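[1] sharing a sequence plus its predicted fold:
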Amino acid sequence: MSTPRTSGRRALRPTAALTASALSITLLAACGSNGGSDAAPASDGRPVTITFWGWAKGTKEVVDAFNASHKDVQVTFEQIPSGVAGGYAKISDASKAGNAPDVFNVEYAALPDFVSQGAVQDITKLVSADLKAKYLPQAVELTTLAKSQWALPLDAAPQALFYRKDLFDKAGITAAPKTWDEYRADAQKLKAANPNTRIGTFFPDDPSTFEALSWQAGAQWFTGQQDTWSVDIAGTRTKGVTDYWQQLVADDLVRVQPSFSQQWTASLQKGETAGYLGAAWGGGVLKSTLASTPDASGKWAVAPIPSWDGKPASGMLGGSVFAVSKNSKKAKAAVEFATWATTTPEGIQARIASGTSSLFPADPELIPAAKAAFNTDFYGGQDIYSVFVDSSKSIRQGWTWGPTMGVTNNAMKDAFGKLGQGGTIQSAVDAAQQGTVAELKNRGLKVAQ
Amino acid sequence: MIDSATRTTATRTAATSRAANVRRRGRNGAPALLIAPFFVLFTATMLVPIGYAVYLSLFTERRSGLGFGEPETVLTGLANYGRALTDPAYRDGYLTIAQYCLLYIPVMIGLSLAVALLLDSVLARAKRFLQLALFLPHAVPGIIAALVWTYLYTPGISPVLDALNSAGAQLDVLGHPLPAVVNMAVWEWTGYNMIIFFAALQAVPREVLEAAVVDGAGALRTAFSIKIPLIKASIVMVGLFTVIGSLQLFTEPMILRGASPGVTSTWTPNMYAYTAAFERNDYGLAAAASVLLALAAALLSFIVTRATRARSERRTEAAR
């Protein structure tokens, strides 16, 4: 930064500064070259080795278990940062540069964007009808784009409310909130009992929670009909969610902190934040985040996410799939691995037994295996999977992710960032609507608003 | 007539210059050989990527249907430049840089000048040690520095903020990213520029200072009326280098972004290019934004070179 070192104390030449400023270009161009892809798989009995990138908790254990039980295919796993924390950038760079792994994890929301970039291989021919029938229909729906199958779903991510039972008790709250009105009332009670306590957090750095809440409220941000996209981010259903959260933020009933940040963790550790609106996988994340916190274990509980009318309803918050990269010549082996990881009890057990994952398998037959493998001491022995099962049944169908979620999320995130300085959630929603439509048009796609 | 005369002159000129060329080549062969590795690297790592970026900036990816088919790369000429220049987010990036410079440069130069003057004064003890200690922050890589500062800015974790809190002062650093980034930069660069100023001060002729003392000037008067005017060239140079360097602002805000959502994805022009390429997958736009940024830096450094050269020429003439 600042004074360029290269030009230091000598006489300055124009090239020096040009050179410094060219660094960003160099970085950019370095990612654009086209490398060759791997040779065809060996057919002489030696195992096919595939490369795999992912970040979900317990993934390494899954790969180890797969490698131990398979002779024909061996997987080389590389842990990457989570999607929003740079993992997606890494995957698309590698894809542009022609050195993407054979198979990688992305979230449902990001899949259409990756398909649209041409980073993902169509695996329709490798996925049998039997295999497809194993997964939850909502999960299959989200991995089918333009009538082709693009990925195998790992987990469905029904929403859930994680909360500190002891703090709720202390504030005189006997049952977890069932409606958003009750959630607000409970937030007030918690704050009244202890002025430093908030019921939850609004995450300005990651719109996925807000998106899941809109999904839960019945919004449909994207609809693709024939060859035209309809974008309805700023619709009336979303407006209800927007106004509700704006009020919570304005009344200082929730914190505004980045998700999974040091601040967020610190406030959970101190009991200053008494709840977390997450999804099934959040159970493992919360547990491992607070693993080193004394006395945290046993105090947390899980409840279905509150709804608008008191009837169970859920969106999907996160949830990952296995996608095969465009240039992989080992798609068959990649699909074999992905099938094993998503539909066998061994695959799911290895993940959950790592102790850090509580994901909800997209293949409902695996739920008993997952349940048996997850240690629920942290949740006072509560049967958290039965909460997730109920919630998964209430996931609203018909939600579609658009092909420009990178742009949509960025527009929203940037505007959420101004919440502290007079920005509003509504302005973020509007920015996302406009940014998305502009980007779709820029890509040459038809948009009906 | 005229024709042949012209031709003769031309031939003679060509012959003369050819002879000169041969002579020159003979004399310059060794230096050319020694410089060659630099130019090879310079071409491979600078010119070629810049050329490639310019090339990339002329194309846009278009899709059809719902966008899930094979993307098609279309030549769109200067359209990407138009998109970058008309994007308020890109222009705001330059505005951020301007605000950053307005806050950062006076503070950093003021501090490093003050410290250099103190070290140069007769009062200072342990000069070597202090120089080293003050330079130390610069030896810490920018990313590490940004991570450490982000930790210190985070309420609930930072010992500094906790101490301030218990003293009754609420400081929301993460809510104000600009001063937060300026503070990081000041910490990192004050020592570096202090060394430059200190070296310049060492070169101030001692007899001039002695004359000032004989004339009855105190330490402060000497500093303001003798030392600072004599090292003005260094101060101007540091200032201009800093402006050009500031255009590159990237690492610190990028790290801070993880804790402070107020740092948008397009906070500085460099971040705009990064986001366009790696989060929006719009390589054409990213390349255009980068080329524009490079042009801005080139223009600035051209102005700097002209300004400094003009001054040194004036000085040489004055000396004559």
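    That came through, no problem.
[2] low pLDDT regions in the chain?
    Just so you know, I chose chain A. In the predicted model, chain A carries pLDDT under 70 at residues A:1-45, A:449.
[3] my bad, the chain I had in mind was chain B
    In chain B, residues with pLDDT under 70: B:1-27, B:122-124, B:310-320.
[4] in what helix or strand does residue A:403 lie?
    Counting by DSSP states H and E, there is no helix or strand that carries residue A:403.
[5] isn't it right next to residue A:119, touching?
    No: taking contacts as Cβ atoms under 8 Å, residue A:403 lies outside contact range of residue A:119: 12.0 Å. Placement of C-beta: from N, CA and C, glycine included.
[6] next one: phi and psi at residue A:314?
    Dihedral angles of residue A:314 (phi, psi; degrees, to the nearest 10) stand at phi -150, psi 150.
[7] show me the contacts for it.
    The contact partners of residue A:314, by Cβ atoms under 8 Å, 6 or more residues apart in numbering or on different chains, come to A:158-159, A:216, A:304-305, A:391-392, A:394-396.
[8] and residue A:175, by the same measure?
    The contact partners of residue A:175, by Cβ under 8 Å, 6+ apart, come to none.
[9] give me phi/psi at residue A:258?
    Dihedral angles of residue A:258 (phi, psi; degrees, to the nearest 10) stand at phi -60, psi 150.
[10] ok, it to residue B:257 distance?
    Computed as Cβ to Cβ, to the nearest Å, the residue A:258 to residue B:257 distance reads 9 Å.
[11] need the residue closest to the centroid of chain A.
    Taking Cα atoms, centre = their mean, the centroid of chain A lies closest to residue A:318, which sits 3.2 Å from it.
[12] give me the element that one is part of.
    Judged by DSSP H and E, residue A:318 forms part of no helix or strand.
[13] residues touching residue 145, list them.
    Picked chain A for this. A:111-112, A:115, B:66, B:68.
[14] please refer instead to chain B.
    For residue B:145, the contacting residues are B:137, B:184, B:187-188, B:252, by Cβ under 8 Å, 6+ apart.
[15] looking at these, which are in helices?
    Judged by DSSP state H, the contacts of residue B:145 include B:137, B:184, B:187-188, B:252 as members of helices.
[16] turn those residues into JSON lines, including distance to residue B:80 and neighbour count.
    Compiled in JSON lines, these are given as follows (distance: Cβ to Cβ, whole Å; neighbours: other Cβ atoms under 10 Å in any protein chain shown):
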{"residue": "B:137", "distance to residue B:80": "39", "neighbour count": "16"}
{"residue": "B:184", "distance to residue B:80": "32", "neighbour count": "26"}
{"residue": "B:187", "distance to residue B:80": "37", "neighbour count": "17"}
{"residue": "B:188", "distance to residue B:80": "34", "neighbour count": "22"}
{"residue": "B:252", "distance to residue B:80": "27", "neighbour count": "27"}
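[17] quick one: contacts for residue A:316?
    Here residue A:316 is in contact with A:108, A:138, A:142, A:156-159, A:212, A:215, A:279, A:395, A:399 (criterion: Cβ under 8 Å, 6+ apart).
[18] if we go to 7 Å?
    Contacts of residue A:316 were listed using Cβ atoms under 7 Å, 6 or more residues apart in numbering or on different chains, and they are A:108, A:156-158, A:212, A:215, A:395.
[19] repeat that for residue A:164.
    Residues near residue A:164 by Cβ under 7 Å, 6+ apart: A:271, A:274-275, A:299-300.
[20] among the contacts of residue A:145, which pair sits farthest apart?
    Using Cβ to Cβ, the pair of the contacts of residue A:145 lying farthest apart is A:111 and B:66, separated by 13.3 Å.
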